[in-house]
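Visitor: please work out how this folds:
(4 chains)
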There are 2 protein chains.
Amino acid sequence: MAAPVNDKSHLDLERYLPYLIHRVGTAIAEAFTADALAAQRLSIAMWRVLVVLDSNGAQRQIDLARLTSIDVSTLSRLISRLVRLGLVARIRSKTSNREVMVGIKAKGRALLDRLIPRARSYEVLVGAGVPAADLARVKTALRRMYANMAAHDAKQAGRKRAMKARAAARSPARHR
Amino acid sequence: MAAPVNDKSHLDLERYLPYLIHRVGTAIAEAFTADALAAQRLSIAMWRVLVVLDSNGAQRQIDLARLTSIDVSTLSRLISRLVRLGLVARIRSKTSNREVMVGIKAKGRALLDRLIPRARSYEVLVGAGVPAADLARVKTALRRMYANMAAHDAKQAGRKRAMKARAAARSPARHR
DNA sequence: TCATGATAAATGCATATGCAATTGTTGTAA
DNA sequence: TTACAACAATTGCATATGCATTTATCATGA
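Guide: Residues are numbered from 1 along each chain as shown, chains lettered A, B, ... in the order given. Here you go, the predicted model:
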């Protein structure tokens, strides 16, 4: 019933990279949420935001969205909740009034002080039984893969822009 | 501003495995959805269900949920939609009346015939620039990591069961 | 300078999601 | 056999999500 290795018409999921990655990612997120975050009434998305802010410093929401892989509109509402909880703060940007910087507050840092040790031990749990040398190679490979996707994304965005420009050129120039 | 490597109070996300995995997984899913699935009016969840059914054969919904990392209730509704679309079918199980087998139909297979080649080329895109030997190690490591999480999950489930049993023993045995 | 497009953030709205029941079925121990 | 727990699937419901749009600001070139 399992797909033969050389059958081109099926995918052998146990060897299909996107499947393997997604499966592990979901398993890690669910387990960490249940074991560490639930007790703090934090969702995995909240945790990701806090960690990125702590690790990379205050950010504009649009950059935070990219860094956390969360949609900007979802993130906007999520930040509002974190503000209400007193974990982060919206600070007006010094360079522009249309952008807002989001930074972590003391209460948010205190939460991280409790959670980061658990996150570290989780990383150990995840990688148990994998030789250290391989683990390093895995991390390097994952960074490269992300860069590949980002480059691909940029290319597609360029294509979309060009298509839009062509459409604008075809239709009569219109003011409003 | 970036966290120093030896600072124990911060996470260095560029070296933190769960972050690297989640980031790539999301990027792959979004790109594949935009490039290949959107034109077929398929969501990434639908694609995952179809591929698993094609790759592993007809499944009970509960097994399908595990294989696709989709919640059982979400999956139940998703299967209903796929049935309406004529891509899969619910077949009554031969061994039990409380379980339903879900299998792929010809129309679903036809869709996969078009999408699987694209999925293969996507895997190439993702892994571009990563040596083949490393790629193999990555896959092996990802399988091991998933096994680690599954084992951890089973352990936690056992703990929960024991806790429930103790609670039941404390409270008076009650019939209804 | 000022009209126009580009950008960041916030919202409206339809849909997706996940937890907690609920329903119906099966295994099993008294 | 027959209660009762365990199980598979479904459904109710509150919330989360993401796309499209709106609002406000900024950059730019004619």
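
Visitor: contacts, neighbours, all on C-alpha from now
Guide: Noted.

Visitor: beta partners for the closest residue to A:Ala58 other than its chain neighbours?
Guide: Leaving aside its chain neighbours, A:Ala58 sits nearest to A:Gly103 (4.3 Å; criterion: Cα to Cα, 6 or more residues apart in numbering or on different chains). For A:Gly103, the beta-bridge partners are A:Ala89 (DSSP bridges).

Visitor: which residues touch A:Gly103?
Guide: A:Leu53, A:Gly57, A:Ala58, A:Gln59, A:Val88, A:Ala89, A:Arg90, A:Ile91 (Cα atoms under 8 Å, 6 or more residues apart in numbering or on different chains).

Visitor: which of the residues you listed are buried?
Guide: A:Leu53, A:Gly57, A:Ala58, A:Gln59, A:Val88, A:Ala89, A:Arg90 (16 or more other Cα atoms under 10 Å in any protein chain shown).

Visitor: list the contacts for the fifth one?
Guide: To tie it back to what came earlier, the one meant is A:Val88. When contacts are taken as Cα under 8 Å, 6+ apart, A:Val88 is in contact with A:Leu50, A:Ile79, A:Leu82, A:Val102, A:Gly103, A:Ile104, A:Lys105, A:Gly108.

Visitor: and the third one, by the same measure?
Guide: If a contact means Cα under 8 Å, 6+ apart, then A:Ala58 has A:Met101, A:Val102, A:Gly103, A:Ile104 as its contacts.

Visitor: show me where chain A dips below the pLDDT cut-off.
Guide: A:1-6, A:160-176 (pLDDT under 70).

Visitor: can you point me to the longest helix in it?
Guide: helix A:132-170 (DSSP state H).

Visitor: okay, buried residues for that helix please.
Guide: A:134-135, A:137-150, A:153.

Visitor: repeat that for stretch A:96-106.
Guide: A:Glu99, A:Val100, A:Met101, A:Val102, A:Gly103, A:Ile104, A:Lys105.

Visitor: CA atoms of stretch A:25-41 as CSV?
Guide: Only the C-alpha atoms of stretch A:25-41 are listed here, as CSV (Å, rounded to 0.1, in the frame of the first residue of the first chain):
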residue,chain,number,x,y,z
GLY,A,25,7.2,21.7,13.3
THR,A,26,3.6,21.0,14.2
ALA,A,27,4.6,18.4,16.7
ILE,A,28,7.1,20.7,18.4
ALA,A,29,4.6,23.6,18.6
GLU,A,30,1.8,21.5,20.0
ALA,A,31,4.0,19.8,22.6
PHE,A,32,5.6,23.1,23.8
THR,A,33,2.3,24.8,24.0
ALA,A,34,0.8,22.0,26.2
ASP,A,35,3.9,21.6,28.4
ALA,A,36,5.1,25.1,28.9
LEU,A,37,2.8,27.8,27.4
ALA,A,38,-0.6,26.7,28.5
ALA,A,39,0.2,27.2,32.1
GLN,A,40,1.2,30.8,31.4
ARG,A,41,-2.0,31.4,29.3
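
Visitor: ok, that stretch near DNA strand C or not?
Guide: No - Stretch A:25-41 stays clear of DNA strand C (Cα under 7 Å from any atom of the strand), getting no nearer than 7.8 Å.
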